[in-house]
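Colleague: Got a sequence here, can you build the structure:
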Amino acid sequence: MASGRALHLGAVTSLCALILLGLAWELWLAPLRPGGSFLALKIIPLILPLRGLLRRDVYTLQWSSMLILLYFTEGIVRATSDLGLSATLGWIEVVLSVVYFICVVLYLRPYKIRAKHGSRSAKAPE
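Modeller: So this is what the prediction gives:
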């Protein structure tokens, strides 16, 4: 089982890479319009959980694991519908979002197990 430190580092690294990818993609590498696109604003929701992620806040990790699925979906759509560099960037977005999701889910697993066992012990005996 991977250590919590490695999982946290993987989540932080993949989220930061997704932020940089989103900016580079829509401003320089393959924007929808020459000179950049307002689609670069799509990275704003990725910035929101960054502080909580750095602090290892369980609640932030939980909701951000659902948020990242939007970026997975966008990556799949653009990887399969765009051509050239944009399609490649879409696949990179898919990989980074999957890495983030897996790291967060595995990082949260011990918390979920403890919460589950704690709720069982808190029940009144029958």
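Colleague: Would you map the strands across this structure?
Modeller: In the chain, no segments count as strands under DSSP state E.
Colleague: Show me what the lengthiest helix in the chain is packed against.
Modeller: Ranked by residue count and defined by DSSP state H, the top helix of the chain is helix 85-122. Judged by 3 or more CB pairs under 8 Å, 6 or more residues apart in numbering; DSSP states H and E, the packing partners of helix 85-122 are helix 4-24, helix 58-81. The way it works is simple: take the backbone N, C-alpha and C, and place the C-beta from them, glycine included.
Colleague: average model confidence for the first one?
Modeller: The pLDDT scores in helix 4-24 average 96.
Colleague: Taking helix 85-122 as reference, get the angle to it.
Modeller: Inter-element angle recorded for helix 4-24 and helix 85-122: 150 degrees (by axes from the mean of the first three to the mean of the last three CA atoms, to 10 degrees).
Colleague: Also the longest one?
Modeller: Taking the same axes, to 10 degrees, one finds helix 58-81 and helix 85-122 inclined to each other by 150 degrees.
Colleague: what's the weakest-modelled helix or strand in this structure?
Modeller: Least confident helix or strand, the chain: helix 85-122 with a mean of 90, by mean pLDDT, DSSP states H and E.
Colleague: Neighbours of Leu27, how many?
Modeller: 14 (other CB atoms under 10 Å).
Colleague: For the closest residue in space to Pro31 that isn't next to it in sequence, give me its contacts.
Modeller: Leaving out its chain neighbours, the residue that sits closest to Pro31 by CB to CB, 6 or more residues apart in numbering is Ser37, at 4.3 Å. Shown in contact with Ser37 (CB atoms under 8 Å, 6 or more residues apart in numbering): 26-27, 31.
Colleague: Now the phi/psi pair for Ser37, please.
Modeller: For Ser37, the backbone dihedrals (degrees, to the nearest 10) come out as phi -140, psi 150.
Colleague: Which per-residue confidence value corresponds to it?
Modeller: 79.
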